[in-house]
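Undergrad: show me the folded form of this:
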Amino acid sequence: MRLLVTGACGFVGSTLIPTLLEAIPGLEVVGLDNFLRDGSRGNVEPLRRLGVEVVEGDIRHEADLAGIGRVDWVLDCAAEPSVLAGVGGAVSSFGVMDHNLIGTLRVLEFCKAHGAGLVLLSTSRVYSIAPLAALAVETVDGAFAPAPGACSQTPGLSGRGIAESFSTVPPLSLYGISKRCAELVALEYADAFGFPVWINRCGVLAGAGQFGKADQGIVAYWIRAWRERKPLRYIGFGGEGAQVRDFLHPRDLTAAIVKQFAAGAPAPLIKGEGVDPRICNFAGGLSNACSLANLSAWCRDRFGPHEVGSDPTPRPFDLPWVVLDATRAAEAWDWKPVTPLPEIFAEIAES
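TA: Just a heads-up that it's a prediction; the model follows:
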């Protein structure tokens, strides 16, 4: 099998490629990357030593994709990953759409031309902001948790987290809408042109290999800043760091992706819920969820005390509690996360 991995030298792509090579005998991998991220070139030689053909190119450029040649599958790890993209910083509003939507369209045209299947990595931020922002929460041991009875009032939400049936009605953030539009276009292309598509909505991905910037992974940024005694601060929600996310190591996706390649054209694995069976949440869930305050406690135990500032000013698109329910992935793919949160933290601390 010949596989194209986009964003191959980024954190997720460079983490998944070695595990896929180990899991699939005879796999041939071509990695495409535009090297816009600082640090990504450092992953070129390690991948080449594994036999990966690393190509410099951009998924937004038709000619760059055309030069790859025929493949059987595409694993799309290329994206502008920040929820604040388009409303601040170096990436413009058009830029986030260009990366995440137009780039996906180019990939879909490539899949159409070659009859290749697509595994599209998506995000928890395709879920509607308004009901999540309005969720009643309480603080338990430095972390927000849904207040008793709060989840039962919102369709698609339970004590296990946000299910695939939760609303995706805007606003989602420019980042979120770019990924949701990419999902919809991918499903349309799959139906129109008869190639397989799987959409994996991921919780926050974390592990060694992230580049230590806030927009590329809050856990790596926080741990490294604490270790190096750089300024840190809690922002929004009273400035106490109680916001909660669930975290997943990218390598934990490998087992499901291998099964998705083998499954080929999707079957109606799960009926009901009004959600396309090709869409699944893959996330750490409640067992791998924590707040920034919890992460600070871990850092304090590991590295010693460090002062964290407080700024209660709300940040755009921030939410108190975002934990994905991966029950559907467990049922459809016999999948569960295998890397516990302390192991993820330790891996980053030691990198």
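Undergrad: show me what counts as buried in stretch 148-158.
TA: 150-151, 154, 156-157 (16 or more other Cβ atoms under 10 Å). C-beta here means a position set from N, CA and C on the backbone, and glycine is covered the same way.
Undergrad: pull the number of nearby residues for Val126.
TA: Neighbour count for Val126, taken as other Cβ atoms under 10 Å: 25.
Undergrad: for it, which non-adjacent residue is closest in space?
TA: Spatial nearest neighbour of Val126, chain neighbours left out: Arg180 (4.3 Å); criterion: Cβ to Cβ, 6 or more residues apart in numbering.
Undergrad: nearest residue to the middle of the protein?
TA: Cys202 (4.3 Å; Cα atoms, centre = their mean).
Undergrad: quick one: the nearest residue to it once chain neighbours are set aside and Ala220, what's the gap?
TA: Excluding the flanking residues, the one nearest Cys202 by Cβ to Cβ, 6+ apart is Phe282, at 5.3 Å. Using Cβ to Cβ, to the nearest Å, Phe282 is found at 19 Å from Ala220.
Undergrad: the two: who's more crowded?
TA: Phe282 (28 against 25).
Undergrad: for that one, phi and psi?
TA: Torsion angles at Phe282 (phi, psi; degrees, to the nearest 10) stand at phi -130, psi 110.
Undergrad: ok, back up a step: what residues are up against the residue nearest to Val126?
TA: With contact set as Cβ atoms under 8 Å, 6 or more residues apart in numbering, Arg180 has these partners: 122, 126, 168, 172.
Undergrad: follow-up on the earlier one: so what sits opposite the residue nearest to the centre of the chain in the bridge?
TA: Beta-bridge pairing of Cys202 under DSSP bridges involves Thr123, Phe282.
Undergrad: what about the nearest residue to Ala182 once chain neighbours are set aside, helix or strand, and which?
TA: Once flanking residues are discounted, Ala182 sits nearest to Thr104: 4.0 Å by Cβ to Cβ, 6+ apart. Applying DSSP states H and E as the criterion places Thr104 in helix 103-114.
Undergrad: just the mean pLDDT for the lengthiest helix in the chain, thanks.
TA: Longest helix in the chain by number of residues (criterion: DSSP state H): helix 174-193. Per-residue pLDDT values over helix 174-193 give a mean of 96.
Undergrad: can you check stretch 303-319 too?
TA: 95.
Undergrad: ok, and the closest non-adjacent residue to Thr176?
TA: Thr isn't right for residue 176; it's Gly. Closest to Gly176 by Cβ to Cβ, 6+ apart is Arg125, at 3.9 Å.
Undergrad: likewise Phe261?
TA: Trp73 (5.6 Å).
Undergrad: same question, Leu232
TA: Val308 (4.8 Å).
Undergrad: count of neighbours near that neighbour?
TA: Neighbours of Val308 (other Cβ under 10 Å): 20.
Undergrad: and it, how far is that from Ala297?
TA: Distance from Val308 to Ala297, by Cβ to Cβ: 11 Å.
Undergrad: before we move on, what about Leu286?
TA: Distance from Leu286 to Ala297, by Cβ to Cβ: 18 Å.
Undergrad: at which residues are the strands of the stretch 251-351 of the chain located?
TA: Per DSSP state E, counting those that start in this stretch, the stretch 251-351 of the chain carries strands over the ranges 279-282, 289-291, 309-311, 321-322.
Undergrad: where does the stretch 201-350 of the chain have low pLDDT?
TA: 211-216, 266-273 (pLDDT under 70).
Undergrad: if you set the cut-off to 50 instead, what comes out?
TA: Along the stretch 201-350 of the chain, segments meeting pLDDT under 50 span 268-272.
Undergrad: all helices of the stretch 51-200 of the chain, in order?
TA: 62-66, 93-97, 103-114, 129-133, 174-193 (DSSP state H, counting those that start in this stretch).
Undergrad: out of these, nearest to Leu21?
TA: helix 103-114 (21.0 Å; Cβ to Cβ).
Undergrad: would you mark the buried spots in the closest one?
TA: 103-108, 110-112, 114.
Undergrad: save these as JSON lines, and put in distance to Arg302 and pLDDT too.
TA: Listed next are the buried residues of helix 103-114 as JSON lines, based on distance: Cβ to Cβ, whole Å; pLDDT from 0 to 100:
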{"residue": "Gly103", "distance to Arg302": "38", "pLDDT": "97"}
{"residue": "Thr104", "distance to Arg302": "39", "pLDDT": "98"}
{"residue": "Leu105", "distance to Arg302": "44", "pLDDT": "98"}
{"residue": "Arg106", "distance to Arg302": "43", "pLDDT": "98"}
{"residue": "Val107", "distance to Arg302": "40", "pLDDT": "98"}
{"residue": "Leu108", "distance to Arg302": "44", "pLDDT": "98"}
{"residue": "Phe110", "distance to Arg302": "44", "pLDDT": "98"}
{"residue": "Cys111", "distance to Arg302": "44", "pLDDT": "98"}
{"residue": "Lys112", "distance to Arg302": "49", "pLDDT": "98"}
{"residue": "His114", "distance to Arg302": "47", "pLDDT": "96"}
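Undergrad: from those, which is closest to Gly69?
TA: Using Cβ to Cβ, these come closest to Gly69 at His114, 8.3 Å.
Undergrad: was I right about Ala225 contacting Pro231?
TA: Yes: counting by Cβ atoms under 8 Å, Ala225 touches Pro231, with 7.4 Å between them.
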